[in-house]
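[1] here are the coordinates; sequence isn't available:
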């Protein structure tokens, strides 16, 4: 059966809940229909959900993200921040985020001129602050518990992006990449991007790491994406996941 471009678009409009007759009541249904919602810009989550809901409200999205914690913000495919269900986040973490986190760790070592053990210590310390506090806690407040890490230091000297940065802010980002802590409500209003930090256990058991291999994690996410947006080429999936062709082929 040959499916032309117009027919594919019609089918995707239905699958992606973009027609008047496919609108839904639940944010969760929207997320499951799309696998995950872009969240690099906090507003995008709300707009993506509102477009597909019978009675969209900011409060409905807030409940799913922060009160009932049915959705989790986590970096995954293409190093993008997504809002997704905890099970999807666990699969995406195994399939894609672990490698991204390793690259971010190397970048941190280079930025701050630190060795692996020093980065490990910084990440462990800020993670311990968040877990001991139990959440929510702001980046600034974490810095008060680790004052030696909160002092701005020169980074990337001799480059076009030289500047100053406090090590604890970078360590918190790494802890989130590694699935140890999670983003809660933004400071200020719903459009903010400076999030409070929580132990990851508020959304998922212990942390996002699991026994899933990168291939098994990628299989789960690729299967979900093909169900939502397929058919697709290998190159389509490589672009969407940000993964190597080798990993995507193995997942397929």
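    Yep, it's here. Not measured: the values here are computed from a predicted model. Numbers count the residues shown, from 1 in each chain.
[2] Run through who's touching stretch 242-252.
    77-80, 95-96, 214-215, 218-219, 221-222, 234, 237-238, 241 (CB atoms under 8 Å, 6 or more residues apart in numbering). Every C-beta, even on glycine, is put in place using the N, C-alpha and C of the backbone.
[3] Need the buried ones from the residues you listed selected in ChimeraX.
    Selecting just the buried residues from those in ChimeraX takes one command, with 16 or more other CB atoms under 10 Å as the test:
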select :77,79,80,95,96,214,218,219,221,222,237,238,241
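[4] out of the contacts of stretch 242-252, who's nearest residue 142?
    Minimum separation from residue 142 among the contacts of stretch 242-252 (CB to CB) is found for residue 79, which lies at 22.7 Å.
[5] got the contact list for that closest one?
    Contacts of residue 79 (CB under 8 Å, 6+ apart): 100, 242.
[6] Residue 43 versus that one, what's the distance?
    Between residue 79 and residue 43 the computed distance is 20 Å (CB to CB, to the nearest Å).
[7] Looking at the contacts of stretch 242-252, spot the one nearest residue 184.
    In terms of CB to CB, no member of the contacts of stretch 242-252 lies closer to residue 184 than residue 80, at 19.2 Å.
[8] Tell me what the spatially closest residue to residue 44 that is not a sequence neighbour is bridged to.
    Setting aside the residues directly before and after it, residue 44 is nearest to residue 38 in space (CB to CB, 6 or more residues apart in numbering), at 4.6 Å. In this entry, residue 38 is beta-bridged to residue 82, by DSSP bridges.
[9] Tell me who's in contact with residue 38.
    44, 45, 48, 80, 81, 82, 83 are the contacts of residue 38 under CB under 8 Å, 6+ apart.
[10] Of these, just say which sits nearest to residue 203.
    Compare each of the contacts of residue 38 with residue 203 using CB to CB and the shortest gap goes to residue 83, at 11.2 Å.
[11] count of neighbours near the closest one?
    26 (other CB atoms under 10 Å).
[12] All the helices of the stretch 101-250 of the chain, in order from the start?
    Counting by DSSP state H, counting those that start in this stretch, residue ranges of the helices within the stretch 101-250 of the chain are 116-133, 139-145, 167-177, 214-229, 234-241, 245-251.
[13] Which of the helices or strands spans the residue positioned nearest the centre of the chain?
    Among the residues of the chain, the smallest C-alpha distance to the mean C-alpha position (CA atoms, centre = their mean) belongs to residue 74, namely 1.9 Å. Assigned by DSSP states H and E, residue 74 belongs to strand 72-75.
[14] what packs against the worst-scoring helix or strand of the chain on mean pLDDT?
    Every helix and strand in the chain was compared by mean pLDDT, DSSP states H and E; the lowest is strand 152-155, with a mean of 86. In terms of contact count using 3 or more CB pairs under 8 Å, 6 or more residues apart in numbering; DSSP states H and E, strand 152-155 is assigned the packing partners helix 98-112, strand 163-166.
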